[in-house]
Each structure stands twice: as structure tokens, then as C-alpha cells.
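1. next input, structure requested:
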Amino acid sequence: MNTMKSAWVRLLTCCFTAVLLLSIGAGAVDNTESAARQDDLDYLYTTLKSNHPDLFANTPETAFEARKGQIEQRLSTESSFDFALDCASLAALAKDSHTNVSLGSNGYDLHICLFDMDLYDGTWVLSAIDSAHKSLLGSEITAINGFSMEQVLEKFGTILSADNLVKLRYSYWQMCYVLEPYQYLGIAKQGEPMRIEVQDSTGKTNTLTVSSVSQSAFQSEDLAMLSDWQTGPAATAYDKTKTYFAKELNSTTYYIQYNKCAEDEDLPMKLFCQQVQTALDAGSYSLILIDLRNNGGGSDGVIMPLLRLLAQQREQGVQVAGLIGKRTFSSAIINSVELQEMGFPLVGEATGGSVDHFGAVRSFKLPNSGMRMGVSSKFISMSGYFDAASGKGVESLQPDVKIVQTLNDSLAGRDTCVEKILENPEILQSAERADVPMTRGRFVGLLFQKAGTPKSNIESQPFGDLLGIEWYLPALNWGKSAQIALGDTAGNFASARAVSWQEAAVFLVRTADALDIQPASVRSDTVPDALKTTAWNHDAVQKAWRWGLLPEYGDFSVAPTRAQGETMIKQLFATK
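-> Below is the predicted model of the structure:
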């Protein structure tokens, strides 16, 4: 649980999200200051437009221009704090979690509201309050100054850069106890206390009057904390002092906490993997958990030696699962999808980072105020790289198995997710996602499984555009060896690309030839025009149609879904 003291730490350490400055007095500024603000605003907007790959993807340019015009109308009268948040609001129009203005606290003094909250499965819970109301700790917060929490979040969304709701909630949580943003957004009024509405366990609504104090006068000891009721940390509690570490949870479960996508200078990843391998060899583990719930990103390639080690464990029959949550972000999202690409389920809660997202941040500094800004320089579409990302877009990465941390478990020092896994490892199953597009790699992978995982004479990586850790890698070895999956002239296979109906027909017919399956003809009518293709695969489409492997009706202009692809494969082997 988070105390107000630790909350203060989260304020000082958050990066590119902490829009938490005190208005230092509204009023007219001199011409020099007004000109400096105009210069900063122009620089901000010009830099956004010249560096972002598609700044107006989510908000039209007219809205940016209108917002900039609104800001310009008050440059000479607004406070420094309001100008700072105005800049943040302009960047937030991109609706891109990586494109934003990061504001430090130099020269400002914050006002701290004497309350705090935590979030459990979408419910805001009171986690700190004055001692007179400590009996209400753990109650649900339903409104602030008459605004529902949904309305509060919507207003904060105008100054916080976020491309999904999970990220927006987390960014708001980082600043929820600071008074001035509420005033800027019209939720609170100058000189008036905050009114927090809470609903206790009996359903009774209480309205709390919450005062605020300056940063210099704040004493966390004056508050009652929900964390005071916590019995102790869980065995898998986040250790922010370590980039990564590993340990045994029990005789059958090995645990790895991966907190940052970066090399530990004192323990390089390759050396860490050697230590992990030694521990695994010395034990008899049937399950490995890799925890990315507190990983905010970095360099996605650092983890590759560990992923190769996990791939080896997979081949030895060891079960592996990844743990994700609201703090999982940026490169850690890529790593999480890579775990899915290896066939490992993800367990926990939806992530703050989106699957497809703008990223590769470039940093700049506004010339006069010195405020820092980050701008995405490219769009990262993971659906173009991973079968596991098929059908996903700019949205939170969802776990295959959702397990939400509960308030009661937090107070008792228990990790809800890990304990449920240890109690019942059978829940570790990948989500089927039957309606997403079937990819080329998955299609060949399922053919391989249905064929009984035959051996191939290719043991090395069959195509140049593979990571070498994919769950369907043995299938592509077999597919290439059996002349089923041949790739292109450059030696690539594009396994993450959605398979077309015509390509599916080719894979099916080639599999029938390789395995000497001889389906009977069940159709004599003409192939639909939508399935007619170029000469290289016309014969395969004709055969697959006659054999009844392709559906009689459907929209052949879009790729088959996973469910449709699986049906075609089942029909082929039903004729065997």
C-alpha cells in the first residue's frame, strides 16, 4: 500500500507525467515574460509537428490550432503554473502516452491535500485521511467536489498524455493528492477545501472535508494510513532497488522479477542468466514466473538472453508464465508480447502501455522555461512483428488470465496473482481469441500440431525474420523441410502477417501432399470470383475448394479468423 510519504516520492520521481506545479500567483506579466511564453509555445508546437510521425492521428490539426490560440489569449495574464499546464494540455491532444511535457518542481511550492487513494480493479479506495476519519480508510471514493470519479478522470485527461484508460488512471493516481491541478481544471476553487465523497462497506455515503497544506508544512505523520494496517510485504513484493533478480518460491516454482528493461551494471544480463540456469539445473522446478508488473520500459532487447533460456526450459517441459499490470509500459509491453509469442500466458491485470503505440521518444527542452518535453518519433505496430499481437491495436495489453490484486490481500501481505497461480497452476492457459486474424505462423503451427509434430531435418532458424524463440518455430522448420512453408526470395516468411484465404489453401494442399492425405472431392461448382488468384496458387485454391476445405460463403476480402483457420485444418485432417 502507498503512504502519503511514499506518494510524495512518486511525485518527485515520475517522469514525463508529473504535471504538478503550484500556481505562483495569477496577474499581468511584463512584455518580456509574455514574449518568452509565446516563444516556448511556438517551439513546443513546432517541435511536436516536426518530430511526431503522425501528430494528428487522434486529434485533428484544427483542434491543436484552436487550443494553441486559446493559450495565446492569456499569455500575459495567467500564472506560470497555468502556462505550464497549458503546454501540457497541448501535448496531451496527441493522445500518445510517450508524447508529453514533463514539469519539475523547481521554483514552485505545491499544496498537498490531506488524503490519498489507491486503485483496485477500477475502484478508487481511500488510503490516507485525517485521524478523525480513519475508520473510513478502505472506503470507495465516489466523487470529488460533486464530480464523479469518471468526470474527474475525464478532466485530468485533458492535461495527462495517455493512449488508454489504464495509463490515464495511473497518471492521475500519481498526482491525485495535489491541489493545484484540481483548481486548474475547475474541480476545486481557490481558498475552498476539497469535499471527498466515500461509500463505506455498508453502502453509507459520507462526505469528508479535506484541507490542504503547503509542501513545506506537510507532515505525513498527521495522517492515518491504510498501510498502517498492512501486516508485511509479500514474498514477491516489488524491489525497486534491483533491475532484476530471481529466487525460489517453493520447491516447484522459480520466480524472476524484471523491473527495468536495462542492463544491471553490477550484474549483466548474460551473467544473470548463467546464475538462473545454475539454479534451475540444481532444482526440480515445473513452473517459472517472470514478473513485469513494475517494469516501465527501457531497451526491449536486453531480455533476449533470458527469453532464450526460457525457450530451452519450455522444450524441457517447464511451464512459464508472465505477470503484467498497470505499471507495465513501453518496452516492457514488447517483452510481454514476446512471452506470448513463445506460447507463455500472461497473468494479472491490463497494462498501462498499449500494444501498438507511438514511441522511440526524443527529448527536448523549451528554450525559456526549461520545461522538458518528450516526443514519439515512430509508430510501433507489434501486430506486424508478432502473431501474439494479431488483432490488437492501440489498447492496453490484456492478460490471458485476469487476476486482480485485492485490498484484503494487500493488507495481509499477499500477492493475489501469484498465490492463485500456486494454488491452481492449471489456470495458466493462453486466451483463444477466436475472432482475431489468423497469421501465417500460427496457421503452419497448427498444421504441425495436427500432423503430430513430425520431425524435420532442419534444426536451425529456417527464416531470417524470426526471433528464434517463437512457439511455432519447430513448425516452420518442419514446414520448410516438407516444402509447405517456403518463404520469399529474401529468405523471410512474414509469420506475423495475416494469412490470406489463398495462402491458407496453398498450405493445406501442400500439407496434404507432404503427408499423403487424399481428400475426396465434395464440390463441383466453380470457385467464387473472390478466391480466384494468380497462376502460382490457382491449382491449390481449386483443390482446396473441391475438397470442401474453404467455406462456401464468407467475406473473402478479409483474412480468415483463428476460428476459421482452425476449422479448415480440422477438415483437412478429418479426411485422413
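
2. make it CA atoms for all contacts and neighbour counts henceforth
-> Fine.

3. only the buried residues of the strand or helix carrying Ala279, if you could.
-> Assigned by DSSP states H and E, Ala279 belongs to helix 269-282. Neighbour-count burial for helix 269-282, counted by 16 or more other C-alpha atoms under 10 Å, picks out Met269, Phe272, Cys273, Val276, Gln277, Ala279, Leu280.

4. hey, C-alpha coordinates of that helix in PDB?
-> Output of helix 269-282 as PDB, limited to C-alpha atoms (Å, rounded to 0.1, in the frame of the first residue of the first chain):
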ATOM      1  CA  MET A 269      22.000 -10.000 -18.200                       C
ATOM      2  CA  LYS A 270      24.200 -12.800 -19.500                       C
ATOM      3  CA  LEU A 271      25.700 -13.400 -16.100                       C
ATOM      4  CA  PHE A 272      22.300 -13.200 -14.500                       C
ATOM      5  CA  CYS A 273      21.100 -15.800 -17.000                       C
ATOM      6  CA  GLN A 274      24.000 -18.100 -16.100                       C
ATOM      7  CA  GLN A 275      23.000 -17.800 -12.400                       C
ATOM      8  CA  VAL A 276      19.400 -18.600 -13.200                       C
ATOM      9  CA  GLN A 277      20.500 -21.600 -15.300                       C
ATOM     10  CA  THR A 278      22.600 -22.900 -12.500                       C
ATOM     11  CA  ALA A 279      19.700 -22.500 -10.000                       C
ATOM     12  CA  LEU A 280      17.300 -24.200 -12.400                       C
ATOM     13  CA  ASP A 281      19.700 -27.100 -13.000                       C
ATOM     14  CA  ALA A 282      20.000 -27.600  -9.300                       C
END
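
5. what is it packed up against?
-> Using 3 or more C-alpha pairs under 8 Å, 6 or more residues apart in numbering; DSSP states H and E as the contact test, the elements touching helix 269-282 are helix 304-315.

6. and the contacts of the helix it packs on?
-> Met269, Lys270, Cys273, Gln277, Gln319, Val320, Leu339, Met342, Ile469 (C-alpha atoms under 8 Å, 6 or more residues apart in numbering).

7. what is the burial count for the closest residue to the fourth one other than its chain neighbours?
-> Residue nearest to Gln277 in three dimensions, not counting chain neighbours: Leu309, with 7.5 Å by C-alpha to C-alpha, 6 or more residues apart in numbering. A total of 15 residues lie near Leu309 under the criterion other C-alpha atoms under 10 Å.

8. for the stretch 51-200 of the chain, which segments are assigned as strands?
-> 100-102, 111-113, 116-120, 123-130, 140-144, 147-148, 194-199 (DSSP state E, counting those that start in this stretch).

9. what's the closest of these to Asn294?
-> For Asn294, the closest of the strands of the stretch 51-200 of the chain is strand 116-120, at 15.1 Å, according to C-alpha to C-alpha.

10. buried set for the longest helix anywhere in the chain?
-> As assigned by DSSP state H, the longest helix anywhere in the chain is helix 31-51. Using 16+ other C-alpha under 10 Å as the test for burial, helix 31-51 gives 33-34, 36-38, 40-41, 43-45, 47-48, 51.

11. name the nearest of the residues you listed relative to Ala94.
-> Leu48 (9.1 Å).

12. show me where pLDDT drops low in the protein?
-> Confidence mapping of the chain against pLDDT under 70 gives the ranges 1-28, 103-108, 220-221, 534-535, 576.

13. closest one of the contacts of helix 304-315 to Thr416?
-> Ranked by distance to Thr416 (C-alpha to C-alpha), those are led by Val320 at 18.0 Å.

14. list just the nearest of the contacts of helix 304-315 to Asp415.
-> Distances from Asp415 to the contacts of helix 304-315, taken by C-alpha to C-alpha, are shortest for Val320, at 17.9 Å.

15. give the contact list for the spatially closest residue to that closest one that is not a sequence neighbour.
-> If you skip the residues right next to it in sequence, Val320 has Ile288 as its closest partner in space, 4.7 Å away by C-alpha to C-alpha, 6+ apart. Going by C-alpha under 8 Å, 6+ apart, Ile288 touches Thr253, Tyr254, Tyr255, Ile256, Val318, Gln319, Val320, Ala321.

16. tabulate those residues (JSON lines), appending neighbour count.
-> Converted to JSON lines, these look like this (neighbours: other C-alpha atoms under 10 Å):
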{"residue": "Thr253", "neighbour count": "20"}
{"residue": "Tyr254", "neighbour count": "22"}
{"residue": "Tyr255", "neighbour count": "20"}
{"residue": "Ile256", "neighbour count": "20"}
{"residue": "Val318", "neighbour count": "17"}
{"residue": "Gln319", "neighbour count": "20"}
{"residue": "Val320", "neighbour count": "24"}
{"residue": "Ala321", "neighbour count": "24"}
